[in-house]
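Undergrad: Pasted the sequence and its predicted model underneath.
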Amino acid sequence: MASGERRRLPTLLEVLERRTAAPVDLDTFYKFAYMCSEADAVEFWLDVTEHERMCAIYLYLDDDSAPVPLTGAWRGSGKHQDALYVHVDPEEKVPPRETKIALFDLVANAQRVYERYLVPGAAHEILLPESVRTSMAWPSEMHAMTGNTQELLRLFQLPRK
């Protein structure tokens, strides 16, 4: 360690982004959160992060930009608990260039996250202030959707690719 370098504990973001090593890593944090009955909050953060990366891939993968890293979506894991206890090589986090995310995949994933964590009474419901919960309400028009891409783009105010 350089004389000017100060030892410190990692930030929560560093832990959640898997940039730390044991004993202060995501595996240990998840076990701690599980013991405190807060594992759902960690899983919510991981699911939202995965959804953000799916959105980035949807918007930018067709460009000549570098591939966007994913968590488990392109590998099809879907269960964070299982993925937490496996060493993840950073190179494995980059999906193949042919990976495509369809708009319907984004909507289905957003609905899954909403129904799992934000619907009152959900099995993994997380507690949020009512003002935040109201602003994140699932669009009431969704039940009447025909599956038309233009409808989805309008409803979610997404740019047309």
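TA: Nice, thanks for sending it over.

Undergrad: Which helix or strand in the chain has the lowest average pLDDT?
TA: Averaged element by element with mean pLDDT, DSSP states H and E, the chain has its least confident helix or strand at helix 80-84 (a mean of 44).

Undergrad: which secondary structure elements does the helix or strand following that helix contact?
TA: The first helix or strand that comes after helix 80-84 along the chain, using DSSP states H and E, is helix 103-113. Counting contacts by 3 or more Cβ pairs under 8 Å, 6 or more residues apart in numbering; DSSP states H and E, helix 103-113 is packed against helix 39-60, helix 149-155. For the C-beta atoms, the positions are set from N, CA and C on the backbone; glycine is no exception.

Undergrad: and those, which one is worst for confidence?
TA: Across those, the stretch with the lowest average pLDDT is helix 149-155; it has a mean of 62.

Undergrad: Please give me every residue in contact with residue 44.
TA: Applying Cβ atoms under 8 Å, 6 or more residues apart in numbering to residue 44 gives the contacts 113, 117, 124, 126.

Undergrad: Most neighbours among these, which one?
TA: Neighbour counts for the contacts of residue 44 were taken using other Cβ atoms under 10 Å; the highest belongs to residue 117, which has 20 neighbours.

Undergrad: was I right about that residue contacting residue 124?
TA: Yes. Contact between residue 117 and residue 124 holds when scored by Cβ atoms under 8 Å: they sit 5.5 Å apart.

Undergrad: any residues in contact with both of those two?
TA: Residues touching both residue 117 and residue 124 comprise 40, 44, with contact defined as Cβ under 8 Å, 6+ apart.

Undergrad: ranking the helices and strands packed on helix 103-113 by burial, who's on top?
TA: helix 39-60 (a mean of 17; mean count of other Cβ atoms under 10 Å).

Undergrad: Could you tell me the angle between it and helix 103-113?
TA: Note on geometry: by axes from the mean of the first three to the mean of the last three Cα atoms, to 10 degrees, helix 39-60 and helix 103-113 are set 170 degrees apart in direction.
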